[in-house]
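# Would you be able to build a 3D model of this:
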Amino acid sequence: MPFILLILFLSVCLTAIVVPFAKVISLRLGLISDLAGTFQSWKNIPFLGGFPHLFTLGVLIIAGIKLSPELVLSESGILLIILMGAFLVFVVGLLHDLKVLSPWLTLLGHLLVAVILVSSGVVFNRENQFLAYGLSLLYLVGATNAVKLQDDIDGLATGLAGIAAFFFGVIFYLQGNMFGLLLSGIVVGSTMAFLYYNFNPAQLLLGSNGNFLLGLLVGIMAVLVGGGELSKRTFFVSLVILALPILDTLSVLCKSVVKRQSLLERSGLHIYSGFVKKKLTLNQFLVLSYSVSILAGIIAVWIFLDMV
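Below you'll find the predicted structure:
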């Protein structure tokens with residue numbers, strides 16, 4: 001536990017230190033938002049939010065392997081594979097932000113990263129390998145894009161990813177899974193620090209590079225819950241923790257098909273589209289969303305304990 005608290009503290013500090021550098025790099029690359037959405041507008045806001053998360057992840061994974069080999073020695077290989085996958089999905093997101101990759105090529109990039117991770121061991125364990133590999137790919141690619149779809153309001157994607165990581169971490173702790181706990185601790189710390197700059201009104205946006213990175217990490221934790229065993233408990237726990245982004249993603253996808261509307265113009269397709277601004281301010285909606293996500297996490301932990 002002291003080791004994980006140290007990781008959490010270092011994650012907060014490292015992310016806070018790197019954010020100003022991310023702003024400068026974003027300006028140099030021309031990654032400046034100038035968009036008007038349904039809920040809010042962004043004028044001259046840098047969006048290289050994935051860089052602080054990636055930097056913190058890399059430093060602390062390597063530090064975790066070096067400082068506490070007895071905790072993660074057997075998992076050091078998979079940790080480095082996860083770091084490589086995180087770097088690749090960050091690059092895919094960055095190229096998408098720079099308009100080098102089309103949406104379909106971006107999705108293909110996500111699939112390739114997921115295939116690398118699954119073939120390297122980030123996969124459910126089950127006798128039916130076809131089902132295990134298929135669901136693992138679905139979790140990884142689905143979570144990567146589900147977090148992206150939540151980023152139409154400042155602080156929403158960051159907060160939901162951090163809350164999900166926290167409750168995955170609680171379950172990892174109950175299991176004694178220090179490998180998973182290390183990963184969740186890093187994500188919780190980095191999102192806590194980043195939220196200070198990303199909460200409405202945002203000083204730094206995640207961009208596709210940050211959304212895809214956080215989404216992939218959340219997907220990895222969803223697969224790792226239950227020690228990788230694909231059971232009823234694993235399935236329901238992961239679904240409940242991610243209930244809010246999953247339901248909203250399904251809403252956006254279904255409405256986009258029915259209305260024949262592009263996902264690039266998705267602001268009016270969210271389950272909360274008719275609710276925000278008419279009845280709640282953006283910050284009130286954020287607090288409500290965080291509360292619902294926390295409640296879902298508590299229910300997920302209860303389900304896990306009840307099935308032990």
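# Okay, buried residues for the biggest helix by length in the chain please.
With secondary structure taken from DSSP state H, the chain has its longest helix at helix 2-29. Residues 3-4, 6-8, 10-12, 14-16, 18-19, 22-23, 26 are the ones in helix 2-29 that count as buried (16 or more other CB atoms under 10 Å). Glycine gets a C-beta too; all of them are placed from N, C-alpha and C.
# Repeat that for stretch 100-108.
For stretch 100-108, a neighbour-count test (16+ other CB under 10 Å) marks Leu101, Thr106, Leu107 as buried.
# Please give the element, helix or strand, for the residue nearest to Phe212 when sequence neighbours are not counted.
Leaving aside its sequence neighbours, Phe212 sits nearest to Gly93 (CB to CB, 6 or more residues apart in numbering; 3.9 Å). Element membership for Gly93, per DSSP states H and E: helix 76-97.
# Give me the contacts around that helix.
31, 47-48, 50-51, 54, 57-58, 61, 64-65, 69, 72, 101, 103, 106, 109-110, 112-113, 116-117, 120-122, 144, 179, 182-183, 207-213, 216-217, 220 (CB atoms under 8 Å, 6 or more residues apart in numbering).
# tell me which residues of it are tucked away?
Buried-residue list, helix 76-97, by 16+ other CB under 10 Å: 76, 78-79, 81-83, 85-86, 88-97.
# Give the next helix or strand downstream of it.
helix 103-119.
# picking that back up, turn the buried residues of stretch 100-108 into CSV, including pLDDT and distance to Ala202.
CSV is the format used below for the buried residues of stretch 100-108 (pLDDT from 0 to 100; distance: CB to CB, whole Å):
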residue, pLDDT, distance to Ala202
Leu101, 86, 24
Thr106, 92, 23
Leu107, 92, 26
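# buried residues in the helix or strand where Tyr290 lies?
Taking DSSP H and E as the definition, Tyr290 sits inside helix 282-307. Neighbour-count burial for helix 282-307, counted by 16+ other CB under 10 Å, picks out 282, 285-286, 289-290, 293, 296-297, 299-301, 303-304.
# so Ser11 sits right up against Ala193, yeah?
Yes. Under the criterion of CB atoms under 8 Å, Ser11 makes contact with Ala193 at 7.3 Å.
# coming back round to it: now the helix holding Gly93, how far from the centre of its chain.
13 Å (CA atoms, centre = their mean, to the nearest Å).
# Would you mind extracting the C-alpha trace of it into CSV?
Presented in CSV, the C-alpha positions along helix 76-97 are these (Å, rounded to 0.1, in the frame of the first residue of the first chain):
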residue,chain,number,x,y,z
SER,A,76,7.6,-6.4,-16.3
GLY,A,77,7.3,-7.7,-19.9
ILE,A,78,3.6,-7.1,-20.2
LEU,A,79,4.0,-3.6,-18.5
LEU,A,80,6.5,-2.6,-21.2
ILE,A,81,4.1,-4.0,-23.9
ILE,A,82,1.3,-1.8,-22.4
LEU,A,83,3.6,1.2,-22.4
MET,A,84,4.4,0.5,-26.1
GLY,A,85,0.7,0.2,-26.9
ALA,A,86,0.0,3.4,-25.1
PHE,A,87,2.7,5.2,-27.1
LEU,A,88,1.3,3.8,-30.4
VAL,A,89,-2.3,4.8,-29.6
PHE,A,90,-1.0,8.3,-28.6
VAL,A,91,0.7,8.6,-32.0
VAL,A,92,-2.4,7.5,-33.8
GLY,A,93,-4.4,10.1,-31.9
LEU,A,94,-1.8,12.8,-32.6
LEU,A,95,-1.8,12.0,-36.3
HIS,A,96,-5.6,12.2,-36.2
ASP,A,97,-5.4,15.6,-34.5
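# What's the mean pLDDT across it?
Averaging pLDDT along helix 76-97 gives 91.
# any idea of the angle that helix forms with helix 103-119?
Helix 76-97 and helix 103-119 are oriented at 180 degrees to each other (axes from the mean of the first three to the mean of the last three CA atoms, to 10 degrees).
# would you say Ser33 is within a strand?
Yes. Counting by DSSP: H, G, I helix; E, B strand; the rest coil, Ser33 is part of a strand.
# which ones are touching Ser238?
Tyr139, Ala222, Val223, Val225, Ala300.
# mind checking which helix or strand it is in?
Counting by DSSP H and E, Ser238 is part of helix 232-241.
# from the chain's centre, how far out does that helix sit?
17 Å.
# same question, stretch 292-308
For stretch 292-308 - counting by CA atoms, centre = their mean - the centre lies 19 Å from the chain centre.
# any low-confidence regions in the stretch 1-150 of the chain?
Scanning the stretch 1-150 of the chain for pLDDT under 70 picks out the ranges 34-43, 68-76, 126-127.
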